[in-house]
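In: fold the following, please.
(chains A and B)
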Amino acid sequence: RKEVEQDPGPFNVPEGATVAFNCTYSNSASQSFFWYRQDCRKEPKLLMSVYSSGNEDGRFTAQLNRASQYISLLIRDSKLSDSATYLCVVNIEGGSQGNLIFGKGTKLSVKP
Amino acid sequence: EADIYQTPRYLVIGTGKKITLECSQTMGHDKMYWYQQDPGMELHLIHYSYGVNSTEKGDLSSESTVSRIRTEHFPLTLESARPSHTSQYLCASSPSYEQYFGPGTRLTVT
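Out: Reported below is the predicted structural model:
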């Protein structure tokens, strides 16, 4: 089982749609969780951290379920500019891979 | 936004050449990382450092080496470039858990 698993997509949605991405992680010792956004041929950029209580930043909502080892990202009222690949990222303090494990990403394409 | 810089941004070089990819950050972050990423593919960690004089290999076998003599500087060296090294190389730094990435160096070895 891969350490971080995401549906690769692509998710093709119309402008204004609500879209949800899911991610599962295998190590129950994971402590910190993030969503990154990566545009084509660009570097990943931190979108938001994910907390146990859930957190919201404008149109974006992230949720964490530690019992199920599951993370989600919800995008409401999607914009053309939301088109990108969304990476689920998990931290394992003291892990051999230098702390962060990146999922392969879920590609989102928002159409007019 | 973090201030992390990579040079060169693009490099085309012949097989067998020695190259050094530069990475610098101005935030005083102790942790720094190098990743390799092919187009449309996942990130692979190749080296990381927890501070000055600390370097570790990542999960991707690589013929590259790194050094960390100063906090702000984490260069990556390929002693003998090969076409299989053609890829994007991303540097990142971290104050604690989250990582901030530089713009990357796109390397082509002919």
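In: now the residue nearest the centre of chain B: how far from A:Ala67?
Out: Central residue of chain B (Cα atoms, centre = their mean): B:Trp34, 3.5 Å from the mean position. Using Cβ to Cβ, to the nearest Å, we find B:Trp34 at a distance of 35 Å from A:Ala67. All C-beta atoms are positioned from the backbone trio N, CA, C, and that covers glycine.
In: ok, now B:Lys17?
Out: Look at B:Lys17 and A:Ala67: by Cβ to Cβ, they are 52 Å apart.
In: of these two, which one has the most company?
Out: In this view B:Lys17 and A:Ala67 are compared by other Cβ atoms under 10 Å in any protein chain shown, and B:Lys17 has more residues nearby, 14 against 6.
In: residues from chain A in reach of chain B?
Out: A:31-32, A:34, A:41-46, A:49, A:87, A:91, A:96-100, A:102-105 (Cβ under 8 Å from any Cβ of the partner chain).
In: out of those, which are buried?
Out: Using 16 or more other Cβ atoms under 10 Å in any protein chain shown as the burial test, those include A:32, A:34, A:43-44, A:46, A:49, A:87, A:91, A:97-100, A:102-105 as buried.
In: picking that back up, in helices only, show me the residues of chain A next to chain B.
Out: Using DSSP state H, no member of those falls in helices.
In: would you tell me whether whichever strand or helix holds B:Tyr5 gets close to chain A?
Out: Per DSSP states H and E: B:Tyr5 is located in strand B:4-7. No - counting by Cβ under 8 Å from any Cβ, chain A is not contacted by strand B:4-7; separation bottoms out at 8.9 Å.
In: can you list the strands that that strand pairs with?
Out: Applying DSSP bridges, strand B:4-7 is found paired with strand B:19-25 (antiparallel).
In: buried ones in the partner strand?
Out: Buried, per 16+ other Cβ under 10 Å, within strand B:19-25: B:Ile19, B:Leu21, B:Cys23, B:Ser24, B:Gln25.
In: give me the sheet partners of the helix or strand that comes right after that strand and which way each runs.
Out: Sequence-wise, the next helix or strand downstream of strand B:19-25 (DSSP H and E) is strand B:31-37. Partners of strand B:31-37 in the sheet, by DSSP bridges, are strand B:44-51 (antiparallel), strand B:87-94 (antiparallel).
In: still on that earlier bit, now do the strand holding B:Tyr5: distance to the chain's middle.
Out: Centre-to-centre, strand B:4-7 and its host chain are 9 Å apart (Cα atoms, centre = their mean, to the nearest Å).
In: correct me, but A:Ile92 touches A:Ser28?
Out: No - between A:Ile92 and A:Ser28 there is no contact under Cβ atoms under 8 Å: 10.1 Å.
In: okay, those two: which has more neighbours?
Out: Ranked by neighbour count (other Cβ under 10 Å), A:Ile92 and A:Ser28 place A:Ile92 first, with 18 against 8.
In: separation between the more buried one and chain B?
Out: Applying Cβ to the nearest Cβ, to the nearest Å, the value for A:Ile92 to chain B is 10 Å.
In: now do A:Ser78
Out: On the measure of Cβ to the nearest Cβ, A:Ser78 and chain B end up 21 Å apart.
In: next, count neighbours for that residue.
Out: 20.
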